[in-house]
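Undergrad: Provided below for reference: sequence and predicted model.
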Amino acid sequence: MNKLANQNAPDCSCNWFERSAKDITIPVVFDELMNTYHILHNEGRGRSIFYYCPFCGGKAPKSLSPTYWTEVTHEESRRLQDLTKHIKTQEELFTAFGPPDSDFDPGGSMTTRGTPEMPPETTLAPRRVTYKTLSATVDVHVSIDRYDRLRFSYTGRYIGPKKSEQAAT
Ligand SMILES: [Zn+2]
């Protein structure tokens, strides 16, 4: 359970998240699976969730409860690892599985803070594609960096609407 400093804060109503996610100069991304906003760091390899709006202090959009997601079983995760282990490039990916079900290219870039030894470095955020057809229960996500390196990950699938008691909290 996330420990929020101020459970009673109002929801953010200034649209800072929406604006920032669209602004390529700000390393903020929207995770359409979990309905959460994140700040990217470590050249896009790391990300941290926002709980509050840095501008108005209101609560960030609520993440969807994991309760409503299918479970990624050990067997299924192993099967998918087998299925994808020989795929090393974007081209091989699209040849093997065809067009993805979703294709999220933030188009943004991130700039590291320079140090006295290293100038600031700018890198492009990875493209992320999702396949829903490779498994009956699991979505397969592929993050493709600009060196054409792939990273696979699996998530459970959203299986139902939020209950009203959940939505109201
Ligand atoms: Zn706000």
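TA: Received, thanks. Numbers count the residues shown, from 1 in each chain.

Undergrad: which helix or which strand is home to Phe81?
TA: Actually, residue 81 is Gln. It isn't Phe. Assigned by DSSP states H and E, Gln81 falls within helix 74-84.

Undergrad: what mean pLDDT does that helix have?
TA: Averaging pLDDT along helix 74-84 gives 93.

Undergrad: and that helix, what does it pack onto?
TA: strand 138-144, strand 150-156 (3 or more Cβ pairs under 8 Å, 6 or more residues apart in numbering; DSSP states H and E). No exception for glycine: its C-beta is placed from N, CA and C like everyone else's.

Undergrad: distance of the spatially most central residue of the chain from the ion?
TA: Geometric centre of the chain, nearest residue: Asp31, 4.1 Å, by Cα atoms, centre = their mean. Separation of Asp31 from the ion (Cβ to the ion, to the nearest Å) stands at 18 Å.

Undergrad: for Ser135, see how far away that residue is.
TA: Going from Asp31 to Ser135 by Cβ to Cβ, to the nearest Å gives 20 Å.

Undergrad: could you find the closest non-adjacent residue to Leu134?
TA: Distances taken as Cβ to Cβ, 6 or more residues apart in numbering put Val140 closest to Leu134, at 5.0 Å, once the chain neighbours are dropped.

Undergrad: spit out the contact partners of the one you found.
TA: Residues in contact with Val140 (Cβ atoms under 8 Å, 6 or more residues apart in numbering) are 80, 84, 130-132, 134, 152-154.

Undergrad: ok, and of these, which contact the ion?
TA: Contacts with the ion are made by none of these, judged by Cβ under 5 Å from the ion.

Undergrad: of all the residues you listed, which comes closest to Lys22?
TA: Using Cβ to Cβ, Thr130 comes nearest to Lys22 of these, at 20.3 Å.

Undergrad: where does the closest one land in three-state SS?
TA: State at Thr130, reduced to three classes by DSSP: H, G, I helix; E, B strand; the rest coil: strand.

Undergrad: how many residues are close by it?
TA: Neighbours of Thr130 under the rule other Cβ atoms under 10 Å: 18.

Undergrad: likewise for Leu124?
TA: Neighbour number of Leu124 under other Cβ under 10 Å is 17.

Undergrad: can you pull out the low-pLDDT segments for this structure?
TA: Residue ranges of the chain with pLDDT under 70: 1-5, 64-68, 159-169.
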